[in-house]
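# Sequence and predicted structure are below.
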Amino acid sequence: MEIRHATHPDELGRMSDEELRARFVLSNLFEAGRLTVVYSHEDRMVLGGVQPVPGTPVQLENYPELRADYFCQRRELAVTALSGSGTVVVDGERYPLSYMDALYIGRGARDISFEAEAEDTNFFLSSAVSHSDYPTTLVPQAEALTTETGEQETANRRVVRKHIHEDGVQSSQLVLGITAPKTGNVWNSMPPHTHDRRTEVYAYFDLAEDDRVFHFMGLPGQTRHVVLKNRDVVISPSWSMHFGVGTTNYSFLWVMAGENQSFGDMDQISVPQI
C-alpha cells in the first residue's frame, strides 16, 4: 500500500511537474492478476485498481497500514467496472459487474474477492471511513440516476450517472458516479467549482492509446495541469478546482468523501476567475 500525504495549497505553485504527478496522479493501477492500492490522507480515502485474470480470483488484502482486523472493519468500499465483466464476491454472495456497474460494499464485510469473466476486466476501488452500517448494494449502469447537462455550443454536453448518493444508495461518506461527454464534446465540470468539505477523485477511462486528457487543478488564478492517459486517476484536494479537457470525448468516474454528501454544497468559479 502506497501512502500519499495531504497537500496545502501554498505548496502547489512550488512543485515541479514530476512532484505534481507524484503527489496527485495514480498511474498503472491496473496490472494483470494484481490489486494495487493507494492510501490518501486527503479525507483518508483508499483508491485502487484490480485486473483479475479469468479463472484466477484476486483477494482484497487487509493492509497493515489500516491497523484493522479486516479491510472493511471501519471502512466502506465501492467497486466499479471500467471495462470488461466479472464478479465481486462479498462474504460468499456473488455480485456480477459489467461495464459502468458499481457495487457498494458496507462496513463489516469481511471476505471480498474479484473475478473476471472477460479479458481486460478492470475494477476501480474507492473506500472511505465509515461510522454506520449500510447494506451491500449493486447499482447497474441502467439503474443509475441519469441526466444530461452542458451545451453542445461550448463542447461540454455530457451524460451524468449517479450510482451512490444521498437520494439513492446510502453510504456514510462515498458519493460516486460516472460522467461521459457526448461525441464532439471534450470539457468536463465546466465551469468549474470547489467544495472545501469534500475530496474528489477522477478516474479517466474510455480513452484510446494515443488520446489524452488535460486535467486542471489549483486555486483560481493559480492553475496547474497534468496530462493523463487511459485509466489514470487524479486526486483533487478539497480546496482545489478540478476540471479537464480531452483530445476526444471519454468517460470519467468521480468519487467524493468528506464532511457531507450534498451536491449543492459547492463554490462555483467563473471562467474569467480561472
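Looks like it arrived, so ask away.
# Let me see the ranges of the strands in the stretch 1-150 of the chain.
2-4, 25-26, 35-40, 45-50, 58-59, 75-83, 85-90, 93-98, 102-105, 112-116, 122-129, 137-139, 145-149 (DSSP state E, counting those that start in this stretch).
# quick one: which of these is nearest Trp239?
Ranking the strands of the stretch 1-150 of the chain by proximity to Trp239 (Cβ to Cβ) places strand 35-40 first, at 14.5 Å. Just so you know, the C-beta spots here come from the backbone N, C-alpha and C atoms, and that holds for glycine as well.
# Surely Val129 is in contact with Arg74?
Yes: with contact defined as Cβ atoms under 8 Å, Val129 counts as touching Arg74 (6.0 Å).
# returning to that earlier point: tabulate the strands of the stretch 1-150 of the chain (a markdown table), appending distance to Asp196.
Listed next are the strands of the stretch 1-150 of the chain as a markdown table, based on distance: least, Cβ to Cβ, whole Å:
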| stretch | distance to Asp196 |
| --- | --- |
| strand 2-4 | 19 |
| strand 25-26 | 22 |
| strand 35-40 | 17 |
| strand 45-50 | 16 |
| strand 58-59 | 36 |
| strand 75-83 | 22 |
| strand 85-90 | 33 |
| strand 93-98 | 33 |
| strand 102-105 | 25 |
| strand 112-116 | 32 |
| strand 122-129 | 17 |
| strand 137-139 | 28 |
| strand 145-149 | 22 |
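# tell me the most buried of these?
Among the strands of the stretch 1-150 of the chain, strand 102-105 has the highest mean neighbour count (mean count of other Cβ atoms under 10 Å), at a mean of 26.
# Give me the residues contacting that strand.
72, 76-81, 88, 90, 95, 97, 112, 134, 136-139, 144, 163-164, 169, 171, 174, 176 (Cβ atoms under 8 Å, 6 or more residues apart in numbering).
# Stretch 130-144 now?
72, 74-76, 90, 93, 95-109, 161-164, 168-173, 177-178.
# chain center to that stretch: distance?
With Cα atoms, centre = their mean, to the nearest Å as the basis, stretch 130-144 stands 15 Å off its chain's centre.
# Just the mean pLDDT for that stretch, thanks.
Taken as a whole, stretch 130-144 has an average pLDDT of 96.
# Next, the buried residues of it.
Judged by neighbour count (16 or more other Cβ atoms under 10 Å), stretch 130-144 contains these buried residues: 130, 134, 136-141, 144.
# Same list, those, but as CSV with distance to Arg231 please.
Putting the buried residues of stretch 130-144 into CSV (distance: Cβ to Cβ, whole Å) gives the following:
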residue, distance to Arg231
Ser130, 26
Tyr134, 28
Thr136, 25
Thr137, 25
Leu138, 22
Val139, 21
Pro140, 21
Gln141, 18
Ala144, 20
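# out of those, who's nearest His8?
Checking the buried residues of stretch 130-144 one by one against His8 (Cβ to Cβ), the nearest turns out to be Ser130, at 26.8 Å.
# ok, the closest residue to Val139 other than its chain neighbours - contacts?
Excluding its sequence neighbours, the residue lying closest to Val139 (Cβ to Cβ, 6 or more residues apart in numbering) is His163, at 4.3 Å. For His163, the contacting residues are 78, 80, 102, 104, 139, 144, 169, 176-178, by Cβ under 8 Å, 6+ apart.
# OK, contacts around Ser98?
By Cβ under 8 Å, 6+ apart, Ser98 lies in contact with 81, 84-85, 140-141.
# what do you get if the cut-off is 6 Å, keeping everything else the same?
81, 85 (Cβ atoms under 6 Å, 6 or more residues apart in numbering).
# Please apply the same query to Phe214.
Phe214 makes contact with 225, 227, 245, according to Cβ under 6 Å, 6+ apart.
# now the last one: how far from Met190?
Applying Cβ to Cβ, to the nearest Å, the value for Val245 to Met190 is 8 Å.
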